[in-house]
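Asker: here is a sequence with its predicted model. Questions after.
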Amino acid sequence: MRAVVLHEHGGPERLVYEENFPDPIPRPGDVIVKVKATSLNYHDIFTRNGMPGIEIDMPMICGLDVAGEIVELGSNVNDWSIGDRVLVDPRNRVEGGLVGETIHGGLAEFCRVPDHQLILIPNDVTFAQAASLPVAYGTAHRMMVTHGKILAGEKCLILGASGGVGTGCVLLAKMAGAEVIVCASTEEKLARLKEYGADHGINYITSDFPKEIWKLYDKPKRVDYSGGVDMIVNFTGGDTWAPSLKAMKRGGRMMTCGATAGYDPKTDIRYIWTFELQLLGSNSWERTDLIQLMDYIKDGKMAPVIDRVFPLAESREALRLLEDREVFGKVVIEP
């Protein structure tokens, strides 16, 4: 089969397009999925580069988010049929492991997965839409809805809003009826975010974002709960963490699911106790998040933001664009 294969860790050149990689063979309880779409994530870059403490058997095919059609059933598979349209939950919640890291992923024509990782795709959801969901939108849904409990009328500031998780947060916050403020690095990205419903945009390169929040809603006050925003979504960390504390109203909450700019930021905890702030972590996603997201798409409530679609042979270039932050939303590969 055709596949993009990683034989050793390193830069983009380590991803090799091959036309005769061995076809997968199902074990008992497995299915073979003909990959119709797979979306890229920063985790694919981490896998390519190599992550401290995580050993990966080589060669490996990256690609966590996989959607396609079942073309072969292993023994003991009773709940699925050839031709079923399926989304693969990347997390193996029985034996452990991750698609594209412990077993071959979606950057190939075919993918072998245990049947307990499958989720049926509704007819009104495309393969590209389904493949865009697990890592980015599943993470966003668990953070914004399951843990964050975003409400209509709340003011929500989203940092890193132009990526996969960020655009998912924007769509979910607007669907809930919140007023959304986004931070991005260019005016072009801010304009596109407003096309997807953002109410206000802040260029964090040219502006001090807490002061911009103060201009919009006044400086947070301890005496009457006025000023600032109700929720901040901050999965960047680093130099954005301490300023974020200054932008939340009394009783506000900050959601985090990562730290792309640094995991050990300086924190002034006086803001936390004097303004009674809540810091809430959210990790990964559950199957229920993915099922709910596909229902949103099916019902016309939202659609994932897909920047570009590439053929399999151009996966290396697609991943480069993601790594260089030249994409808006999700990048999809269609083998």
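Answerer: Structure received.

Asker: now the end-to-end length of stretch 74-93.
Answerer: One end of stretch 74-93 sits 19 Å from the other (CA to CA, to the nearest Å).

Asker: quick check: what element follows the helix or strand of the chain with the lowest mean pLDDT along the chain?
Answerer: In the chain, no helix or strand scores lower on mean pLDDT, DSSP states H and E than helix 42-49, which sits at a mean of 91. Note on helix 42-49: by DSSP states H and E, the next helix or strand toward the C-terminus is strand 65-73.

Asker: and Ser226, how far from Thr256?
Answerer: Distance from Ser226 to Thr256, counting by CB to CB, to the nearest Å: 25 Å. Glycine gets a C-beta too; all of them are placed from N, C-alpha and C.

Asker: the stretch 1-150 of the chain: helices as residue ranges?
Answerer: Counting by DSSP state H, counting those that start in this stretch, one finds helices in the stretch 1-150 of the chain at the ranges 42-49, 127-131, 139-141.

Asker: out of these, which gets nearest to Pro335?
Answerer: Among the helices of the stretch 1-150 of the chain, the nearest to Pro335 by CB to CB is helix 127-131 (10.6 Å).

Asker: residue farthest from the centroid of this protein?
Answerer: Most distant residue from the mean C-alpha position of the chain: Val223, 37.7 Å away (CA atoms, centre = their mean).

Asker: need the pLDDT of it.
Answerer: Val223 carries a pLDDT value of 90.

Asker: likewise for Ile181?
Answerer: With respect to pLDDT, Ile181 has a value of 98.

Asker: wait, it sits on Tyr204?
Answerer: No. Counting by CB atoms under 8 Å, Ile181 does not reach Tyr204; the two are 11.4 Å apart.

Asker: and those two? Which one has more around it.
Answerer: More neighbours surround Ile181 than the other of Ile181 and Tyr204, with 26 against 20 (other CB atoms under 10 Å).

Asker: circling back to that earlier point, distance of the residue farthest from the centre of the chain relative to Leu15?
Answerer: 57 Å.

Asker: and the closest residue to Arg91 other than its chain neighbours, how many neighbours?
Answerer: Nearest in space to Arg91, with sequence neighbours left out and distances taken as CB to CB, 6 or more residues apart in numbering, is Leu98 at 6.2 Å. A total of 16 residues lie near Leu98 under the criterion other CB under 10 Å.

Asker: can you check the one 4 residues further on too?
Answerer: Around Thr102 there are 16 other residues, counting by other CB under 10 Å.

Asker: next up, the contacts around it.
Answerer: Going by CB atoms under 8 Å, 6 or more residues apart in numbering, Thr102 touches 56-57, 92, 96.

Asker: nearest to Glu69, of those residues?
Answerer: For the contacts of Thr102, the nearest to Glu69 is Asn92 (20.7 Å; CB to CB).

Asker: just checking, that closest one touches Leu98?
Answerer: Yes. Asn92 lies in contact with Leu98 (CB under 8 Å); the separation is 7.0 Å.
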